[in-house]
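Trainee: What follows is a predicted structure for the sequence shown.
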Amino acid sequence: MGNDPEALEDRFHPAPTWLEKSCMAVCAISIIAMGLIVISEIVTRNLFGFSFEVSEELGGYIIVGISFLSLPVCQVYRSYHHVQFVQARLSPRMQALSHILFDVLSLLFCLILLWQLTRYAMSSYQSGDQAPTPLGTPLWIPATTMPLGVLAASVSLLRSLIGNCRRFRANRA
C-alpha cells in the first residue's frame, strides 16, 4: 500500500458504526423538526396573527442536541480542522503520533466534560428544574443530550485512538 499518509489514514481510521449513524439520523430529524417549527411559526404569525410562543425554546433545545450529538459524526467523517501545513511536513509515523496525541487529549477533555455534564443533568433531574416558559420543559430533558453526545464522541475518539495506534505501529521504518 506504500507510505502515502492519506491512504494510511484511510486504512486505519474507523468507519462509521451504528452509533455515529444513529447520531447522524437524530441530527437530521432534528434539523427537519426545527425547520417545521420555524415554518409553522412564520405561517401562524403572518397569516393568523398568532404565535405558539415555543419556537425559540424548542429551537434552542434542538440546537443544543445537534451540537452535541454531531460530535461523534464529525469525528468519524474527519470533519474537524487539521493543521495541514504542519502535518504535511511530518513523516507518516509522526503524523500518526500527532493524531494519537490529539486523540488522547481530546478523549481526556471529553471524559472530564462527560463527568460534569452528567452531574449537571442529574442535578437538574433531582431538583426538578423547569424552564420558566409556557412549555415548562423539565430542564433535565434537553440537558441529557449533552452527556449523551459527549459519551458518543468519547467512544468515537477511543476508536480513532486505537486506529491511530495501529497506524503508528504499521509505520515502523
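Mentor: Perfect, thanks for sending it. Computed from a prediction, not measured in an experiment: that's the story for all the values here. Residues are numbered from 1 along each chain as shown.
Trainee: Report the buried residues of the longest helix along the chain.
Mentor: Longest helix in the chain by number of residues, with DSSP state H as the criterion: helix 92-127. Across helix 92-127, burial judged by 16 or more other C-beta atoms under 10 Å covers 92-93, 95-100, 102-103, 106-107, 110, 113-114, 117-118, 120-121, 124. All C-beta spots, glycine's among them, are computed from the backbone N, C-alpha and C.
Trainee: what does stretch 78-91 give?
Mentor: Under 16+ other C-beta under 10 Å, stretch 78-91 has no buried positions.
Trainee: can you start the count at 780 instead of 1 from here on
Mentor: Sure thing, new numbering starts at 780, so read that last one as stretch 857-870.
Trainee: Put the alpha carbons of that stretch into CSV.
Mentor: The C-alpha trace of stretch 857-870 is given here as CSV (Å, rounded to 0.1, in the frame of the first residue of the first chain):
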residue,chain,number,x,y,z
ARG,A,857,-12.9,13.6,9.7
SER,A,858,-14.8,16.9,9.6
TYR,A,859,-12.6,18.6,12.1
HIS,A,860,-9.9,21.0,11.1
HIS,A,861,-6.4,19.7,10.7
VAL,A,862,-3.2,21.8,10.6
GLN,A,863,-2.2,20.5,7.2
PHE,A,864,0.8,22.7,6.8
VAL,A,865,2.3,21.0,9.9
GLN,A,866,1.1,17.5,9.1
ALA,A,867,2.5,17.7,5.5
ARG,A,868,6.0,18.2,6.9
LEU,A,869,5.8,15.2,9.2
SER,A,870,6.7,11.6,8.4
